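*Asks:* compute the structure for the input listed below.
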Amino acid sequence: MTDRPPEPLATRQQSARSVMLGAASVLLACALAIEPGDAQAVSAAAADPPQPGAGIPTLWDLRDLYRSPQAWSASYAKTKAAAEALERYRGSLGSSAGAMLRALDALSAVEEESDRLGVYASLKGDEDLRIATNQERRQQAQALVTLIAEKSAWLAPEIIALGSAKVRTFETESPELTHRFDFLLHDTLRAAPHTLGVQAEGVLAAAGDVLAQPTAIHDQLMNADMPYPQFILADGKRIRLDEPAYEKYRQSGDRALRKRVFDAFFGTLARFQGTAGATLTSQVMGDVFTARTRRYDSALAAALFQSNMPEAVYRTLVAQTNAALAPMGPRYLALLRKGFAGAWMNVLPHPGKATGGYMNGSAYGVHPYLLLNHNGDYESLSTFAHEWGHAVHTLLADAAQPYEKSNYPTFIAESASIANEMLINDYMVAHARSQAGGFITWARDSSRSAPRFSARSCSRSSSSRSTRRSSTVTRSRARGSPRCTAGSCSATTGRRRA
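*Replies:* Sure thing, here's the model as predicted:
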């Protein structure tokens, strides 16, 4: 058995572009194939957006967020200064509807720019977790989220102290206050039993950086520092058996190869099971601490509260949805084509890059970004469809709502992504070359679709990306990218991803 050198990067990029075109074609075909009679009308309606042409970009262009790292730093400094000034609005909410609107508008502007800063820092950091400068930027973005929470810790207690009647009076007096902030105001009033005093809220907000560290440690270990083994395939090709490679080769038809891949990959992980256990314990302890401090019955109850979802609904997960899927329609298809033509995705796996897949849609007014680790197999195709379900959902939500109402809970987010998976599954079964092939596709998809939901979000990988902001006033947005693979889901709890 002889070792073979890895394929040149240019060859792998060209192969990936071809595979991505195929994946995009299948997803577009699914949207069209449900109602064949409407294909001509859909094609005509979707003709205006940019077309993919000869290929789909495989690396995102972050200049849509900031033109350069220096531009990011300038915005960061400006936003941090604005966050420091938020306390000047303390005590003013009850004076008039206009005063309340000014305070909430100032907070909203700071949070919107903070979201964009966080998206850039997260995406840039995930390109290669070994680059210290990019990881420092990510920590700066997280620290800014914590600072904003600290400087606005007075807001929820002050709104609750005003009472429902006065809040509704102000809403009647100010249509803009109602249009942009009625949901936030009513949700804050609903959270009164779990809202503490100003000082206690400030302490909890200051703990944000500490509570975010278990995820940061896990990601750094799994994506950058883990010494993944070199592995020799049956044909002599030598590969680095990291998570993307494991996902690819665990699907081999050769059982002996699957076993060698499994043993090598998890044998390496087993050497760090103490570290993994300690990190997980820290995450659980943090969740329990927050739940108890805010007077919830359990960490699950705390996680479900922001979506106003009864625990019984979560536990039953609505056994099954049998309703037929309606055609996606021309608008959906147009948004897909626009996204495929834009440099919105980071597609190829490479050393140091974050593993799994996600959609990050928290930069309101820009567009979603998608991280993939595409291997050209069915798993990758299903992930592609899943994350684009999130992306189109985000585009539609942002077009329909102002920034302050553009959030959506995980329970709704996963409906959009899993619907795309179901479309892919139905399409593949319908176009299988044999009955056996169709059954295998159905069985594979059914077995991997079960563990989609967790208390806060579900992610398509064994790791969790980014931390969403979660406070009494600023509700988490499930706008990121679920990532479940190998039968595991990971929660995400911040504004930077679904």
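*Asks:* lowest mean pLDDT among the helices and strands, pick that one out for the chain.
*Replies:* helix 39-45 (a mean of 40; mean pLDDT, DSSP states H and E).
*Asks:* hmm, who's touching the helix or strand just after that helix?
*Replies:* Note on helix 39-45: by DSSP states H and E, the next helix or strand toward the C-terminus is helix 69-84. If you take CB atoms under 8 Å, 6 or more residues apart in numbering as the criterion, helix 69-84 is touched by 65-66, 106, 109-110, 113-114, 116-117, 120-121, 124, 137, 140-141, 144, 147-148, 151. Using the backbone N, CA and C atoms, a C-beta is placed for each residue, glycine as well.
*Asks:* which strands or helices does the helix or strand just after helix 69-84 pack on?
*Replies:* Per DSSP H and E, helix 69-84 leads on to helix 97-127 as the next helix or strand towards the C-terminus. Counting contacts by 3 or more CB pairs under 8 Å, 6 or more residues apart in numbering; DSSP states H and E, helix 97-127 is packed against helix 69-84, helix 132-151, helix 164-173, helix 175-190, strand 345-346, strand 358-360, strand 369-371.
*Asks:* report the buried residues of the helix or strand that the fourth one is followed by.
*Replies:* Note on helix 175-190: by DSSP H and E, the next helix or strand toward the C-terminus is helix 198-206. Across helix 198-206, burial judged by 16 or more other CB atoms under 10 Å covers 198, 201-202, 204-205.
*Asks:* go on, stretch 385-396?
*Replies:* 385-395.
*Asks:* got any ranges where this structure has weak pLDDT?
*Replies:* The model of the chain has pLDDT under 70 over residues 1-55, 314-328, 433-498.
*Asks:* would you map out the domains in this protein?
*Replies:* 14-59+320-449, 65-211, 221-302 (automatic domain parsing).
*Asks:* tell me how far Leu381 lies from Gln251.
*Replies:* 12 Å (CB to CB, to the nearest Å).
*Asks:* and for Gly339, the neighbour number?
*Replies:* By other CB atoms under 10 Å, 22 other residues sit near Gly339.
*Asks:* now the one 5 residues further on
*Replies:* Each residue near Trp344 was counted by other CB under 10 Å, and the total is 22.
*Asks:* same question for Glu243.
*Replies:* Neighbours of Glu243 (other CB under 10 Å): 23.
*Asks:* now it: phi and psi?
*Replies:* Backbone torsions of Glu243, given as degrees, to the nearest 10, read phi -60, psi -50.
*Asks:* just checking, it touches Thr355?
*Replies:* Yes: contact criterion CB atoms under 8 Å: Glu243 and Thr355 qualify, at 3.9 Å.
*Asks:* looking at the buried residues of helix 198-206, spot the one nearest Leu129.
*Replies:* For these, the closest approach to Leu129 (CB to CB) belongs to Ala205, at 27.0 Å.
*Asks:* ok, the closest one - contacts?
*Replies:* Ala205 sits in contact with 146, 149-150, 152-153, 471, where contact means CB under 8 Å, 6+ apart.
*Asks:* now it, nearest residue through space, not along the chain?
*Replies:* Nearest in space to Ala205, with sequence neighbours left out and distances taken as CB to CB, 6 or more residues apart in numbering, is Ala149 at 3.6 Å.
*Asks:* against Ala206, how distant is the one you found?
*Replies:* 8 Å.
*Asks:* likewise for Met428?
*Replies:* 50 Å.
*Asks:* tell me if Arg238 really is in a strand.
*Replies:* Yes: when classified by DSSP: H, G, I helix; E, B strand; the rest coil, Arg238 is found to be part of a strand.
*Asks:* so it makes contact with Ile232?
*Replies:* Yes: contact between Arg238 and Ile232 holds when scored by CB under 8 Å: they sit 5.4 Å apart.
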